[in-house]
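Peer 1: Below is the sequence, then the predicted model.
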Number of protein chains: 2
Amino acid sequence: MKIDDLLRAYKPVWAIDHAKSLLEWDLEVNMPTEGASARGEALAHLTLIRREYLLRLKDLVEKFEGSGDLNDVEKGVIRVLKRELKYYTSIPPEILEELDRTTTKAAVVWREARRESNFEKFKPYLTKIVELERVIADKLGYEGHPYNALLDLYEEGFTVNDADEVFNKLLPNLKSILDKIRSEGRYPDKHPLEDVAYDVNVMKAVNEELLKILEMPVGTRFRMDVSAHPFTIGMSVNDVRITTRYEGKDFRATMFSVIHESGHAMYELMIDPNLEMTPVGRGVSMGVHESQSRFWENVIGRSREFVHIIYPLLRERLPFLKDYGEEDMYCH
Amino acid sequence: MKIDDLLRAYKPVWAIDHAKSLLEWDLEVNMPTEGASARGEALAHLTLIRREYLLRLKDLVEKFEGSGDLNDVEKGVIRVLKRELKYYTSIPPEILEELDRTTTKAAVVWREARRESNFEKFKPYLTKIVELERVIADKLGYEGHPYNALLDLYEEGFTVNDADEVFNKLLPNLKSILDKIRSEGRYPDKHPLEDVAYDVNVMKAVNEELLKILEMPVGTRFRMDVSAHPFTIGMSVNDVRITTRYEGKDFRATMFSVIHESGHAMYELMIDPNLEMTPVGRGVSMGVHESQSRFWENVIGRSREFVHIIYPLLRERLPFLKDYGEEDMYCH
């Protein structure tokens, strides 16, 4: 048996993922608010269709797994598909449907609640989502903490204990670095630029220039839009999209979100095109994804060298920077 | 047997239609150009999935049809589903797949060819599409002209003979009206405003005002975007979208396209919400749809009464109208 048979049978699943990505992107970027109910219904049914096509792969996966020596890509395909099969055989379809309906409506309500700083408005949705996720954790099964079942969906094999270990090591050291910085008094607790308002259209133009500096393939393989919370989504190796938001003050918030999301996007854009439409044709985990976005945002974006490149652009476009030198850009 | 069983089984088909509508809208409005190949592949697979779910309804349709007295909605559901069943049982799935892949790539190539006025660039795609449509006509079967099979997909029961009869009656009368107008010399062959350039951002603002005058539910159930050719698409009763284009001269072209597409959109927005997600929850035919759009564009949009409402807005926003009175607006 050749893996091609398995990959061919997987393509409808990929097609549904492609559609779901666009439906979710559109929900955040474009969808008229009252479209939420139909959108949630559509996503719920697409999940059930995806489930059906994925479960059909069971025999092919088992047959191929036992068919001899597998190369790395083939092993990856089998590993990912076995995780997916476990997911769909463990969780009742009604729970998956309900989760899609709830999260779609919740996305619209969350935006309103955020605008109004009104947590009570979002609370019933969050409660419902947590309830559903608890059921999913129970159905998936776990050792130790129930959250391990859910963590595993984003970072394979990672546990609450692993996270505690990482943070327990980091926290005391971070705290002592922070204490040292504070006691030296060189950097203010709050940078004065945080409160300075910007013109949204000017900042949009700055962000477009920033994408050019980052050499993002705008219009050909990439695009940037606006949403209530910035995110990146890959619909194919040749269609990766980021969003940012414009809150009207602190220009660095939107600028660093663009650099951050561009880091996610570069990762997706550099996936081997030969893996397109296969189970391994996407970012491998949340952790690897965040390593790319934060590398660009923090290690590159906040470096003296990068600020040196973008400072002339910022100075030219943002009139309130006339009192701030290049040095003032990276002290916070 | 109750129709609810049939309508429930139809919902995955509706969900795929919802997704395909968004994929097609996005292809025209947002998609980075190199995303076309994956988009075509996704659409092709979604068509095959839709086919599979639709064909599953066969027994339910037959059972329900024979189950006794049907009301009008039920008759409509059966009629539409039988047409769909005929479509999928007649046409080989490979042809449907090929059509999706070809038209998706063709959409991107058409835009380039249009921009460059280069028909040769688009020709191979058009040739391929015509070939595929000929196969589809043959597979569907027809009496008389082969195009009857394809016309029927857009206007049930309408034939080439019907179209000839309509046009043969209209043409001589239209010609004599035109001759009379021309011989009177009151109206110029070309209106001077046709060549006047406008500022695209100003015209966008004018069109947004126009949507308010038309009381379109912008942001809640409706939105307007830009594409190479204007169109309307309904994703649900509460999510209907139009597009227009800005060619930089002749402001009336974009203005009347907005009124025209708003006519289509009003029709979709006024569909009974109880029919949402059923086979009869959409515009009934191309002819009825065009009757709505052209009524708004021509009977209302070009009337003295409507011009009287919008002229102050146009005069205020478009500086080149200072030499033109309200009367000059509707002489062409």
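Peer 2: Received, thanks.
Peer 1: Quick check: residues of the stretch 151-300 of chain A near chain B?
Peer 2: A:217-223, A:225, A:235-239, A:276-277 (C-beta under 8 Å from any C-beta of the partner chain). C-beta: built from backbone N, CA, C; applies to glycine.
Peer 1: ok, so of those residues, who is nearest B:Tyr311?
Peer 2: Nearest to B:Tyr311 among those, counting by C-beta to C-beta, is A:Asp225 at 35.3 Å.
Peer 1: Shouldn't the closest one be within a helix?
Peer 2: No - assigned with DSSP: H, G, I helix; E, B strand; the rest coil, A:Asp225 falls outside any helix and is strand.
Peer 1: Helices of the stretch 51-200 of chain A, residue ranges please.
Peer 2: A:58-65, A:72-90, A:93-115, A:119-140, A:147-154, A:160-184, A:200-213 (DSSP state H, counting those that start in this stretch).
Peer 1: Compile those into CSV and extend it with columns for mean neighbour count and mean pLDDT.
Peer 2: Below are the helices of the stretch 51-200 of chain A laid out as CSV (neighbours: other C-beta atoms under 10 Å in any protein chain shown; pLDDT from 0 to 100):
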stretch, mean neighbour count, mean pLDDT
helix A:58-65, 16, 94
helix A:72-90, 16, 97
helix A:93-115, 17, 95
helix A:119-140, 15, 98
helix A:147-154, 17, 97
helix A:160-184, 11, 95
helix A:200-213, 15, 97
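Peer 1: Looking at those helices, which is nearest to A:Lys20?
Peer 2: Across the helices of the stretch 51-200 of chain A, closest to A:Lys20 is helix A:93-115 (C-beta to C-beta), at 9.0 Å.
Peer 1: so does that closest one get close to chain B?
Peer 2: No - interface with chain B: helix A:93-115 contributes nothing (C-beta under 8 Å from any C-beta), its closest point being 10.4 Å away.
Peer 1: if we take the residues of the stretch 151-300 of chain A next to chain B, which one ends up nearest to B:Leu269?
Peer 2: Distances from B:Leu269 to those, taken by C-beta to C-beta, are shortest for A:Asp225, at 24.7 Å.
Peer 1: residues in contact with the closest one?
Peer 2: Contact analysis of A:Asp225 by C-beta atoms under 8 Å, 6 or more residues apart in numbering or on different chains lists A:Val29, A:Arg241, A:Ile242, A:Thr243, B:Asn30.
Peer 1: what's the burial count for the first one?
Peer 2: The tally of other residues near A:Val29 (other C-beta atoms under 10 Å in any protein chain shown) stands at 17.
Peer 1: Surely A:Phe306 and A:Ile300 touch.
Peer 2: Yes - between A:Phe306 and A:Ile300 there is a contact under C-beta atoms under 8 Å: 5.3 Å.
Peer 1: When the two are compared, which one has more neighbours?
Peer 2: Per other C-beta under 10 Å, whichever of A:Phe306 and A:Ile300 has more neighbours is A:Phe306, with 18 against 15.
Peer 1: Turn the helices of the stretch 51-200 of chain A into JSON lines, columns for distance to B:Lys11.
Peer 2: Listed next are the helices of the stretch 51-200 of chain A as JSON lines, based on distance: least, C-beta to C-beta, whole Å:
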{"stretch": "helix A:58-65", "distance to B:Lys11": "25"}
{"stretch": "helix A:72-90", "distance to B:Lys11": "19"}
{"stretch": "helix A:93-115", "distance to B:Lys11": "11"}
{"stretch": "helix A:119-140", "distance to B:Lys11": "21"}
{"stretch": "helix A:147-154", "distance to B:Lys11": "27"}
{"stretch": "helix A:160-184", "distance to B:Lys11": "38"}
{"stretch": "helix A:200-213", "distance to B:Lys11": "40"}
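Peer 1: Among these, which comes closest to B:His18?
Peer 2: With C-beta to C-beta, the closest approach to B:His18 among the helices of the stretch 51-200 of chain A belongs to helix A:93-115: 12.0 Å.
Peer 1: which helices and strands does that closest one pack with?
Peer 2: For helix A:93-115, the packing partners by 3 or more C-beta pairs under 8 Å, 6 or more residues apart in numbering or on different chains; DSSP states H and E come out as helix A:3-29, helix A:36-55, helix A:119-140.
Peer 1: so what pLDDT did A:His332 get?
Peer 2: At A:His332, the model reports a pLDDT of 48.
Peer 1: And for stretch A:165-174, what's in contact with it?
Peer 2: Stretch A:165-174 has contacts (C-beta under 8 Å, 6+ apart) with no other residue.
Peer 1: repeat for stretch A:308-328
Peer 2: A:193, A:196, A:198, A:202-203, A:205-206, A:209-210, A:213, A:251, A:307, A:329.
Peer 1: May I have the distance across it, first residue to last?
Peer 2: Stretch A:308-328 has an end-to-end distance of 11 Å (C-alpha to C-alpha, to the nearest Å).
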